[in-house]
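Trainee: what shape does this take:
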Amino acid sequence: MKVKKILLWVGLMVIGGVAGFSVNNATVARFNIINSTCSVLNVAVDNHLLAPDQVRTLGQLTAQKLQNSLVISAFRLDQQQINAASAGSNCSQFMAGISEKSG
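Mentor: Sure thing, here's the model as predicted:
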């Protein structure tokens with residue numbers, strides 16, 4: 001009986017670990033990727049290393065370079081979100097650039 005309880009607990013811990021990893025991968029990791037990239041973009045624009053009108057193009061070039069990587073998938077927007085991307089937001093423009101279908 002004691003062995004069954006131990007096996008049950010081990011099984012539950014494995015299931016919990018897999019579920020936790022999946023949730024982290026889908027939410028927290030995505031937020032961290034977006035947050036750090038947007039911070040770098042804003043610093044580059046604020047320090048005149050990158051013009052605001054170049055941010056969307058940078059997103060397009062980044063998508064071409066990284067193609068279908070996990071990092072790029074964090075930035076993908078649907079067409080409605082692309083259309084609604086704020087012109088004044090470097091992050092929105094970068095994400096819209098990544099998400100646009102290339103020629």
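Trainee: where exactly do the strands run in this structure?
Mentor: Listed in chain order, the chain contains no strands at all (DSSP state E).
Trainee: show me which helix or strand of it is least confident by mean pLDDT.
Mentor: helix 70-75 (a mean of 82; mean pLDDT, DSSP states H and E).
Trainee: so where do the helices sit in this protein?
Mentor: If you assign secondary structure with DSSP state H, the helices in the chain sit at 2-23, 29-46, 55-66, 70-75, 79-83, 90-99.
Trainee: mind giving me the packing neighbours of the first one?
Mentor: Translated: helix 2-23. The contact analysis (3 or more Cβ pairs under 8 Å, 6 or more residues apart in numbering; DSSP states H and E) places helix 2-23 against no helix or strand. For every residue, glycine as well, the C-beta is placed using N, CA and C.
Trainee: measure the residue nearest to the spatial centre of the chain to Met13 for me?
Mentor: In the chain, the C-alpha closest to the average C-alpha coordinate belongs to Ala74, at a distance of 2.4 Å (Cα atoms, centre = their mean). Counting by Cβ to Cβ, to the nearest Å, the separation of Ala74 from Met13 is 28 Å.
Trainee: before we move on, the earlier item: my guess is the residue nearest to the centre of the chain meets Ser36, correct?
Mentor: No - if you go by Cβ atoms under 8 Å, Ala74 and Ser36 don't touch, sitting 10.7 Å apart.
Trainee: so where is this protein shaky, pLDDT-wise?
Mentor: Counting by pLDDT under 70, the chain contains low-confidence ranges at 102-103.
Trainee: let's see 90
Mentor: Applying pLDDT under 90 to the chain flags residues 1-14, 16-33, 66-76, 78, 100-103.
Trainee: got a list of what Thr27 touches?
Mentor: Listed by Cβ atoms under 8 Å, 6 or more residues apart in numbering, the contact set of Thr27 is empty.
Trainee: what sits against the spatially closest residue to Gln60 that is not a sequence neighbour?
Mentor: Sequence neighbours aside, Gly97 is the residue nearest to Gln60 in space, at 4.4 Å (criterion: Cβ to Cβ, 6 or more residues apart in numbering). With contact set as Cβ under 8 Å, 6+ apart, Gly97 has these partners: Val55, Arg56, Thr57, Leu58, Gly59, Gln60, Leu61, Thr62, Ala63.
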